[in-house]
Every structure is written in C-alpha cells, then in structure tokens.
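Colleague: After the sequence you'll find the predicted model.
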Amino acid sequence: MWRSHKATLIGILALAAGLGALAWLDSRERAARRLDLEKDTRVVARQFASRMHAGLERHLVGLQQMANFWQNSEEMTEEKFYRFAAGTLKMNPLCLRIVAVDASLHVRWVYPPEPNRALVGFDLKTHPEGYETQVRAIRAQEPVLSPPLRLVGGDQGFILSAPVFRKDEFLGSVVCSFRSVDFFGEMILPEVLGRYEEMVSDSGTPLFASRSFPMSAPSARFVAERFSLGGRTWEMRVMPRESVIRARLLSGEPTFWALGSIIALLAGGAAWTLTNFTTGAASRLRTQGEALRKTRERLDGAMQHLLQAEKMTALGELVAGVAHEINNPLAGIMGNTQLALSKNPSPDIRRYLETACSETERAGKIVRNLLAFARKQPPEKRRLGLNGIVEKTVELRAYHFRASQIEVVKELASDLPMTMLDFNQIQQVLLNLLNNAEQAILEAGRKGSIRIATRRVGGRIELSVSDTGPGVPLEIQNRVFEPFFTTKKEGKGTGLGLSLCYGIVHEHGGDIRLESQPGRGASFVIDMPVIQEPTEDDQPGPSASPRPHSGLRVLVVDDEPSLQGFMVELLTTMGHRVDTASDVPEALRKIAANGHDLIITDMKMPRGSGKDIYRAVVDRSPHLARRMVFTTGDGTDTETRRFIRETGNAMILKPCKIGEIEQAIASAMNN
C-alpha cells in the first residue's frame, strides 16, 4: 500500500512537472514567434519604404528633366511642353497631370489637356498649400514635395514642384500632381495588403491608410520606417493583421498540448520510463526548434535578397533613364572637339582640345560603367598590374591628401602577379574607397592616415584600404553595400559609391568586405582571382580592314541638333552627301522619297526608335537595311544586343571617336 501511494505521489508530481514544463515551453515559443513576426513586419516596412522612395525619386528625376529642358530651351512653346510631358507621363504613369506654371504663379499649360483645360489660368495664390509648396521650391531653387493637400478638383493627394531658373531669373515651375489612392494603391503589393495594415503620414498628417488601420494604434503594435525627399519626411507604419497574429502565435498549439499531455500522463505511470522518454522528447524538440530557426534565417535571407534585388532594379532604371541625356551632349562635345583637332590648330590649342577629348571619353566610360553595373554586363578587361592602378589613382588624390594633412602609406607587394582587370572600373573602386576614407578622417576632426596594402594569398590577390577614422557602427555594417544607403549628411553622398564598388568587384570574380571596430577606423578588403590572359588559340584572328567608300548619299537620323551638325560636317568632309531627320516619321518620309546608300540612326528618339526604321527599311529594301549603322547614348541592354546580333549591323556607342564612325560606315558598305 505504501508503495502504491508513493507511486501515485510520484506520478502526480511527474504529471504536474510535465504540465508545468509544457506551459513554460509554450510561453517561450510564443515569445519567439512574436519576435519573428516583428522581424517579418520590419522587412515588409523597409520594402514598402524602398518602393515609395524609388517611385517618388523616379518621378522627381522625370520632372527635373522637364525643368532642365525648359531652362535650356530658347523658347518653351505649348507644343514642346506637350511633347515632353507626354514622354514623361508615359514613363511615370502614376502622375495625375503635369502642369507648367509661369513666373506669376498662374497655370500656363496642363497635360493631358483633356479634361484639364479648365485649370489653364488658375492662380496658385488661391490654393494655400500649393502656393506654399511653390514658394519653398523657388527659395530652395530645387524640386520639393508638398505636404498632404486637396488637389484642384477635390481629390486628396500631393504634388512635386521643380522650379525653372535661367541666370537666377525665375521662369516658372513644372508641377506633377498625384492622387493618393492611385499612387499608394500601385506602390503597395497585393500580397502585402492581404496580411498587413499600412499607413503613410507626412509630419504626422496621414497621406494614406489601409481600411482597417487603427489611427490611434499604440507604437508597440506597428513598425515605422522613414525617409526624406524633396524637403519632406514620410513615415511608413506597418502592422500585421489580427488574423495573421493569431495564426502565427497559435500555430501548432493543439498538437503541442495533445502530445505534451500524453507524454505527461505516460510519465505518471512510470517515472524511470518518463525520464528516458522526456529526455528523448526534449532532444527532438530542440532539433525541431533548431530546424525552425534555420528555416526562419533562410526566409529572412531570402527576403533581404528580394529587397536588395528591388533596390538594384530601381538603380538600373535610374541610371538607364539619365544615361541617354548625359551621353548625347558628351557625344556632341567629343565630336566637335575632334573636328577642331582636324583643322590643324596651334600646339597650345591642340593640347587643350586633346585634353577635352580625353576627359569626354573618360566621362563616357564612367557612364557605361554605371550601366554595366546596373545591367550586369561584363567589363572590358586587359592583363594589368594592380599596383600600377593603385599608384596612378593615388597620384590623382595626392594634392587633396596633402591639403587635408592626411598621410598615405603604401605597402604594395613586389611579387604581385598581373591579372585580367578593367583599368577604369578598378580605378573607380579605389577612388570611391579613398574618398570615403578621407571624409571619415575629416569628420573625426583630427589628422589621420590611409594605408593601402596589396599582397598575394594563394591563387588570389588582396587589396586593403584602411583609415584611422571613427569606424562604422556595428548595427549598420551589414547595410553599407546597399544601393542608396548612406550615413553622410544630406548633399554629401548618394549612397551609390559602395554599391557600385560591390558590383564591379563581383564582375571581376572577387569579393569585398568591411572590417571595422567603432573608434578604431575601418578597412575595406578586396580579394580577386589571378586570371591568365586568353591564349592565341582562344582569341579571334585579325580581320581585314574594311574598304573605305566616298561619294555616298547618307541619311542621318538623330533628335539632337548638335549631333546632327557634327555628323553633317564630318560626313561632308569625308566626301559624302548628307540628308538629316529628327524623328522616325520624318526619316521614313525621306527614305521613301530619296535613294540613300547608307542610314545612320539613333536607337532612341521621339515618336519611335531605330528598330522601327529598320523594320520599315527591311520591307522596302532589304539591301539598304544591311547598310544601316545604329547609334545609342544609353548603352546596350540585353534587348538591344539581341537585336544587333540578329541584324548583323554595326553599333556605335556615344560618345565615340571619328575612327569608329569611319570603320562602322566602311563595314556597313561591305556588309
């Protein structure tokens, strides 16, 4: 009897201990799930803020391009405004309308004209919020973002305003209006809406809120992300829906308690068996918990990679959008400089022109490097020594370092092997790292030093750039290579430098990492493989030089007047007769009316493209289609490269040398 009572007591105690253990494990699991849910919500909030920022910045760039076009136009006409506004609205469809405001702050033109004609002549002084935004833009002389306001017409939204100045004279503004429900409805992913509540506010004033978002929600229930643009600071608040919280916290609860209760009951029947069984169960639970933790880590990593990919997509769109606008004037500068060099100027003038031509070519390469980074194109590599690139790059910054009282220590290994490198890209990486090191030392307010070291590590080479600045805080070290992420003050950095370095190094098959302890400086370490130069058997054999031609009837199609003028003078000097067109319809009319021997056309123009001209010429004269030369100012993306491979025609990248144009013409005529 005594043994029975003792067994019963031990069984009851074992059962109570088992149930207590189950309750403790359940509370810990709930706390872990709540923490995981908070992490997931923060990732969604960052992604939401990133999409908002990228969308606004894309519209801001388009609006600034319109303002620059107005500023550089001798006379802005309604037709020019409508044409440019149509292109801008096509690239930025979330814009409700684009308005041109004159110097007296009256609406001059509106696109689309229908149904907005009633706005022409509207006085912005009668619209307090819009007037305040215009005044801020004029004072700042840069694009600004308005607070939440009621648009003309009654819709709730906001505006972007870009002022136009010429020689400090205010000419007017270009204004883009957004309807809040359209803009935020496009920015928020549908799958996110089904699981989370969102609210966007500007300085505490709501811009947008999902239907069930509680306006008086305590801060502990949501995650907030902020960014500043155009003089305004937006805050994104994200919180999971109640159904998501319940599903996450209660997932597996019935099974857990049923299994635990069975184990506890079995433990009451046999204490020794319970000890062995619970030990095995605890081990299994730990294994399952570790598996769940690793799964959560993989999911977090996948979410971060998705966020990084979206930022890279935004970067690619931004670079591709401005490359054409940069390369076209560079092509005009380089072309006319080469024409001036061909006139046999004096030695002093020749030296100035050659310098201008060389620097223009360098600027073009930098733009192409940005495009190559954003579009993942292979660099132009040659067999080079890394130490030589380091020496030449340090020489460029030597004066700045001396002026800033910064000592540069070089520890370059003499046995460093040569490898396949792109000189301009690696120099760009070094310049970015040296600039960051210099700024870190200057912000610390004391003298410092920069150490540059190279060494060979097995079959790889290693380069390190170290500074004696304040170092990088631990909490942001894993974000320094993200596009648009910067710790510098506004106007001091764009957040693209280190992400550009990251892309270039990886294109060379290498890796870059940060080593830093707060207060002890920072070191960026690059390691790259030693790649041998391709053998002669792998390299294509030399091709015969194309036979030159003269006396051709050439059609030049380009919407840039400076490039048209350069091409006309160059081709006339070469003995050809030249006809020009500024867009696709004009080019097609002249092709149909005249007999041309050769066509040189830009790939990207108003009212069509070079592909449209090619397709029309193929239908009319396949022989002439083989004698087309294409030019481009925004690089060659995957679709353009595929088009060139399919046609077999020549492609000239702006800015270019006269020799490249002559070679392309000769190649086309022999095609």
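Modeller: Structure received.

Colleague: what's stretch 645-664 in contact with?
Modeller: Stretch 645-664 has contacts (Cβ atoms under 8 Å, 6 or more residues apart in numbering) with 327-328, 330-331, 333-335, 338-339, 342, 360-361, 363-364, 368, 546, 548, 563, 567, 570, 574, 614, 625-626, 628-633, 635-636, 640, 644, 667-668, 671. Where C-beta positions appear, they are placed from N, C-alpha and C, glycine not excepted.

Colleague: Using PDB, write out every CA atom in it.
Modeller: Extracted in PDB, the C-alpha atoms of stretch 645-664 (Å, rounded to 0.1, in the frame of the first residue of the first chain):
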ATOM      1  CA  ARG A 645      23.100  40.100 -83.200                       C
ATOM      2  CA  GLU A 646      20.100  39.200 -85.200                       C
ATOM      3  CA  THR A 647      20.600  42.000 -87.800                       C
ATOM      4  CA  GLY A 648      24.400  41.900 -88.000                       C
ATOM      5  CA  ASN A 649      24.600  45.700 -88.400                       C
ATOM      6  CA  ALA A 650      27.200  47.900 -86.800                       C
ATOM      7  CA  MET A 651      26.500  49.700 -83.500                       C
ATOM      8  CA  ILE A 652      28.300  52.900 -82.300                       C
ATOM      9  CA  LEU A 653      28.300  53.900 -78.600                       C
ATOM     10  CA  LYS A 654      28.100  57.600 -77.800                       C
ATOM     11  CA  PRO A 655      30.400  59.400 -77.200                       C
ATOM     12  CA  CYS A 656      32.700  57.900 -80.000                       C
ATOM     13  CA  LYS A 657      35.800  58.700 -82.000                       C
ATOM     14  CA  ILE A 658      35.800  59.700 -85.700                       C
ATOM     15  CA  GLY A 659      37.700  56.500 -86.500                       C
ATOM     16  CA  GLU A 660      34.800  54.400 -85.000                       C
ATOM     17  CA  ILE A 661      32.400  56.200 -87.300                       C
ATOM     18  CA  GLU A 662      34.600  55.700 -90.400                       C
ATOM     19  CA  GLN A 663      35.000  52.000 -89.500                       C
ATOM     20  CA  ALA A 664      31.300  51.500 -89.000                       C
END
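
Colleague: Quick one: distance of that stretch to the chain centre.
Modeller: Centroid separation for stretch 645-664 versus its chain: 28 Å, with Cα atoms, centre = their mean, to the nearest Å.

Colleague: ok, now stretch 576-592?
Modeller: 36 Å.

Colleague: And for stretch 147-160?
Modeller: Using Cα atoms, centre = their mean, the offset of stretch 147-160 from its chain centre is 29 Å.

Colleague: in it, what counts as buried?
Modeller: Neighbour-count burial for stretch 147-160, with 16 or more other Cβ atoms under 10 Å as criterion, is recorded at 148-149, 151-152, 157-160.

Colleague: Stretch 196-209 now?
Modeller: In stretch 196-209, residues buried by neighbour count (16+ other Cβ under 10 Å) are 196-202, 206-209.

Colleague: Take those residues and lay them out in a markdown table including pLDDT, distance to residue 242 and secondary structure.
Modeller: Formatted as a markdown table, the buried residues of stretch 196-209 follow (pLDDT from 0 to 100; distance: Cβ to Cβ, whole Å; DSSP: H, G, I helix; E, B strand; the rest coil):
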| residue | pLDDT | distance to residue 242 | secondary structure |
| --- | --- | --- | --- |
| 196 | 86 | 11 | strand |
| 197 | 86 | 9 | strand |
| 198 | 86 | 15 | strand |
| 199 | 87 | 16 | strand |
| 200 | 89 | 21 | strand |
| 201 | 88 | 22 | strand |
| 202 | 86 | 27 | strand |
| 206 | 85 | 21 | strand |
| 207 | 83 | 24 | strand |
| 208 | 84 | 21 | strand |
| 209 | 83 | 16 | strand |
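
Colleague: Could you list which residues are in contact with residue 195?
Modeller: So residue 195 contacts 240-241, 244 (Cβ under 8 Å, 6+ apart).

Colleague: among those, who's most crowded?
Modeller: residue 240 (21 neighbours; other Cβ atoms under 10 Å).

Colleague: just to revisit the earlier point, mind picking the two most distant members of the buried residues of stretch 196-209?
Modeller: The distance between the two most remote of the buried residues of stretch 196-209 (Cβ to Cβ) is 20.2 Å, for 196 and 202.

Colleague: re earlier: may I see the PyMOL selection of the buried members of the contacts of stretch 645-664?
Modeller: The buried residues among the contacts of stretch 645-664 can be selected in PyMOL (16+ other Cβ under 10 Å) with this line:
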select buried, resi 327+328+330+331+333+334+335+338+339+360+363+364+368+546+563+567+570+574+614+625+626+628+629+630+631+632+633+635+636+640+644+667+668+671
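
Colleague: okay, now residue 359: neighbour count?
Modeller: Residue 359 has 14 nearby residues by other Cβ under 10 Å.

Colleague: on that earlier part again, now, which of the contacts of stretch 645-664 lie within helices?
Modeller: Counting by DSSP state H, the members of the contacts of stretch 645-664 that fall within helices are 327-328, 330-331, 333-335, 338-339, 360-361, 363-364, 368, 563, 567, 570, 614, 625, 640, 644, 667-668.

Colleague: where does the stretch 501-650 of the chain dip in pLDDT?
Modeller: Along the stretch 501-650 of the chain, the model assigns pLDDT under 70 to residues 533-549, 635-637.
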